[in-house]
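A.B. asks: Next input, structure requested:
(one chain, ligands or ions: 2)
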Amino acid sequence: IERPPESRQKLKTIESVLDPAPLVDTTMLDLTHWIAERYLCGWGQVLEGVVPAGVKKRAGTREVKFFSLAQDHAQRREEFTLPQKQQAVLDALQDATEPLRLEQLTRAASCSVSPISSLEAKGLLEVVLRRIDPVEATSGPVEREDDLELNPDQQQALATIVELLRARQHHTILLHGVTGSGKTEVYIQAIREVVGYGRQAIVLVPEISLTPQTIRRFRSRFDSVAVLHSHLGDAERHWYWQQISRGEVQVIVGARSAIFAPTPQLGLVVIDEEHETTFKQESVPRYHAREVARKRADLAGVPLVLGSATPTLESWQRADNGDDRLVSLPSRIGNRPMPPVSLVDSRNDRRFRSGQAIGRALEIATRQALDDRGQVILFLNLRGHSPAVWCRACGQGVRCRACDITLTWHRDRQAVVCHICDFQAEAPRTCPGCGRAGLRLVGVGTQRLEQEVRERFPEAGVLRMDSDSMSRHGSHDTALEKFRSGKANILLGTQMIAKGLDFPNVTLVGVVDADTMLHQPDLRASERTFQLIAQVAGRTGRSERGGRVLVQSACPDDPAIRFACHHDYAAFVEHELAHRRATNTPPFTALARVILRGPDEAVVAETARGMTDVLRAAAGESSEIRILGPAPAPIARVKNFYRFHLQLAAPGSQDIRELWLSVEKQLPRQAGVESVIDVDPLSLR
Ligand code: ADP
Ligand code: ZN
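C.D. replies: Ligands and ions are numbered 1, 2, ... in the order given. Model prediction:
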């Protein structure tokens, strides 16, 4: 132990030790410290965010100290002259037939806690921690299943991972496999190897509630799987934490924060659907689980596997450069063909102009699928009934009072709702701007789509999944079971239904509006559009029944849409990387975004300008660091706070970090203006 020089610091005595064992080990301290540096926030903030509240307050502690006599207590006793109280404690333990808990012991010896602590310090007592009243495993028993026999591509992928596992080397492997190519089976068998070493694996998935099928698969293959989902109570979370840290759990499956699971001997980290944006935390510490996983796997000297059918350009670029290793599963299991995709130009169908969502071609295809006793998935990434309420007379939309966005009409709530702050109000009868009547509902959300589908296909069982209809814990499971069993044969919903689902009977997927993502003010709009279409298309053609996809778009010439319809990831990345290089955006540039907000627009703007000036001056003219902005954020007002942002762009994130740290103390601060820096931002809103 390092002691500070006596002259400088006066030491205080330790009064009591709060925790018998540290909450985080040294590796975790290193990791959290790295996060603080990498994401430019406080180490304390990271630790605060990493150790679950239930663990910190030891919620529902089920571990209790039990006391008995130390094995060599008879000899050791000779060394001391013990006060009477301590004698009494030893006598009580002598009489007891089994170890006693603290309160039992104080009662038996009629003493306080202190003689017991003294004896413990002298080494005369043996203390064991024992669990009492363990919680039941959270799910019922799952039927055991055998591992499948891998096809040659899967074997190749597994061999690459196993080779690195055996070499005890950190390396990142990008497992690029089309939808339905059997990636999950590769993860499972790699973990089989890891479990054989007595080590543990962490599997990160985008969102637990959306991946019931994957979870079931893990549970059916391994003895002890901990599923860390957001509905765990404090006590349960603490219980899992303890179990994991004792090494009793083989596989931990969870969303991004599961990367901090306290495994004693980590053997492998897997990130499934690595392109998903949920791996980035949008509050401090604003880490990306992929980067944290990379660091953690590096510290542990174990491989990291990133799996996706549509990897992010960042991950693709690293693999392409040879920094990471690329392994491909180019075809579906059983060599099933990718489903054919037809693109429908919605400008050519009059129905859309009258505000309907299902064009003629999609209607015919749906009818045919239903007649053939197939099932249909309809994807639309807008919830609510109508995304806007417009005034015919003055052309204004009805806006939230507190936020800078238009309100969405929700039919089920009979209200207009703000999708940012959830403000809701009765829909106005007249335009709030010009006072005239004649407000019009514009656009189609999932509720309106449901209405239209029910009208067109009255005989079909229709199921809607979006965050409004699926707000209760367990509602996903129930809904998906209804679809699986065939009680419903049309499933419609938001991106909630775009991922991971594996229903062999789905013979048609309809992308109701491919353009919703395309026009977002976001440098990744094109990438997200490609990913979404490719992922939903992946929900069909998963059995010998085959399947097809129909995409409705008013921009059928857009490259993202075109390449997605041809299942051509390679062509898409080539096109998009060229564009990113030309525009000097990620992955060719590192970005950080500073967001400022406050109730007084002028003060926020002035602070943002002040910050920009300081940063620009520090960056200097010749520097490769660019400071962009400041400007009002794309959503300029949220809950009555005005928002401004500015961006730092540089060849590497190290450059940004150095610049930021060199001026951080001089940046202007104003009362009432909050600011935060977001390193490698994903959301630019
Ligand atoms: P992905 O994760 O790439 O979308 P999955 O792992 O879900 O693909 O596999 C798709 C389907 O193929 C699943 O139903 C799975 O059980 C099945 N499958 C995977 N590997 C094999 C295999 N080697 N042999 C037979 N079926 C397989
Ligand atoms: Zn609002």
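A.B. asks: Could you list the residues of this structure in contact with ligand 2?
C.D. replies: Cys400, Ala402, Cys403, Cys418, Ile420, Cys421, Phe423 (Cβ under 5 Å from the ion). Yep, even glycine has a C-beta here, placed from its N, CA and C like the rest.
A.B. asks: Just the buried residues out of those residues, in ChimeraX syntax.
C.D. replies: Of those, the buried ones go into a single ChimeraX selection, burial set by 16 or more other Cβ atoms under 10 Å:
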select :400,403,418,420,423
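A.B. asks: Could you dump the residues of the chain next to ligand 2 into CSV with secondary structure added?
C.D. replies: Listed next are the residues of the chain next to ligand 2 as CSV, based on DSSP: H, G, I helix; E, B strand; the rest coil:
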residue, secondary structure
Cys400, coil
Ala402, coil
Cys403, coil
Cys418, coil
Ile420, coil
Cys421, coil
Phe423, coil
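A.B. asks: need the longest helix for this structure.
C.D. replies: Of all the segments of type helix in the chain, defined by DSSP state H, the longest one is helix 601-619.
A.B. asks: how distant is that helix from the center of its chain?
C.D. replies: 32 Å (Cα atoms, centre = their mean, to the nearest Å).
A.B. asks: Give me the contacts around it.
C.D. replies: With contacts defined as Cβ atoms under 8 Å, 6 or more residues apart in numbering, helix 601-619 is touched by 594, 596-598, 625-627, 629-630, 632, 642-646, 648, 659-660, 662-663, 666-670, 672-673, 675.
A.B. asks: From those, list the buried ones, please.
C.D. replies: With neighbours counted by 16+ other Cβ under 10 Å, the contacts of helix 601-619 contain buried members at 594, 596-598, 625, 627, 629-630, 632, 642-646, 648, 659-660, 667, 673, 675.
A.B. asks: Which of these fall within helices?
C.D. replies: Here DSSP H is the test, and the buried ones among the contacts of helix 601-619 give Leu659, Trp660 as lying in helices.
A.B. asks: Go through the buried ones among the contacts of helix 601-619 and flag which are in strands.
C.D. replies: Among those, the members found in strands (DSSP state E) are 594, 596-598, 627, 629-630, 632, 642-646, 648, 675.
A.B. asks: Now do Ala402, the pLDDT please.
C.D. replies: Confidence at Ala402, expressed as pLDDT, is 83.
A.B. asks: Please disregard the earlier target; I meant Glu606.
C.D. replies: Looking at Glu606, its pLDDT is 95.
A.B. asks: re earlier: could you dump the residues of the chain next to ligand 2 into CSV and include distance to Phe222?
C.D. replies: As requested, the residues of the chain next to ligand 2 are exported to CSV (distance: Cβ to Cβ, whole Å):
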residue, distance to Phe222
Cys400, 47
Ala402, 48
Cys403, 45
Cys418, 44
Ile420, 41
Cys421, 42
Phe423, 45
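A.B. asks: What's the local residue count around the residue nearest to Ala96 when sequence neighbours are not counted?
C.D. replies: The shortest distance from Ala96 to any non-neighbouring residue, by Cβ to Cβ, 6 or more residues apart in numbering, is to Ala108 (6.9 Å). Using other Cβ atoms under 10 Å, Ala108 has 16 other residues around it.
A.B. asks: Distance check, Ala108 against ligand 2.
C.D. replies: 62 Å (Cβ to the ion, to the nearest Å).
A.B. asks: Need the contact partners of stretch 181-188.
C.D. replies: Here stretch 181-188 makes contact (Cβ under 8 Å, 6+ apart) with 147-148, 150-151, 153-154, 157-158, 161, 175, 177, 203, 214, 217-218, 221, 270, 272, 305, 307, 309, 329-333.
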